[in-house]
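Trainee: let me see the structure of the following:
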Amino acid sequence: LVEETGAPGRLVEFNDTTTIFTRPSNKKTEDYITGRFG
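Mentor: Next up, the predicted model:
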């Protein structure tokens, strides 16, 4: 996740691929993988 242009990103969630794409535990992860970000 990058909060602002030029800022370093940060890890929001870590898990195996299947879990990330089917049951993410963080709303920001879900928003990102479903295209609701930006």
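
Trainee: centroid residue for the chain?
Mentor: Central residue of the chain (Cα atoms, centre = their mean): Thr29, 2.9 Å from the mean position.

Trainee: where does that one sit: helix, strand or coil?
Mentor: Classification of Thr29 using DSSP: H, G, I helix; E, B strand; the rest coil returns helix.

Trainee: how about the helices in the chain?
Mentor: 17-22, 27-33 (DSSP state H).

Trainee: just to revisit the earlier point, pLDDT at the closest residue to the residue nearest to the centre of the chain other than its chain neighbours, what is it?
Mentor: Nearest non-adjacent residue to Thr29, counting by Cβ to Cβ, 6 or more residues apart in numbering: Glu13, 4.4 Å away. Just so you know, the C-beta spots here come from the backbone N, C-alpha and C atoms, and that holds for glycine as well. pLDDT recorded at Glu13 is 96.

Trainee: OK, contacts around Glu13?
Mentor: Ile20, Pro24, Ser25, Asn26, Lys28, Thr29 (Cβ atoms under 8 Å, 6 or more residues apart in numbering).

Trainee: OK, contacts around the fourth one?
Mentor: If you count contacts by Cβ under 8 Å, 6+ apart, Asn26 has them with Val12, Glu13.

Trainee: change it to 10 Å
Mentor: Counting by Cβ atoms under 10 Å, 6 or more residues apart in numbering, Asn26 makes contact with Leu1, Val12, Glu13, Phe14, Asn15, Ile20, Tyr32.

Trainee: does Arg36 really touch Thr29, like I thought?
Mentor: No: contact criterion Cβ atoms under 10 Å: Arg36 and Thr29 do not qualify, at 11.0 Å.

Trainee: what touches both of the two?
Mentor: By Cβ under 10 Å, 6+ apart, no residue touches both Arg36 and Thr29.
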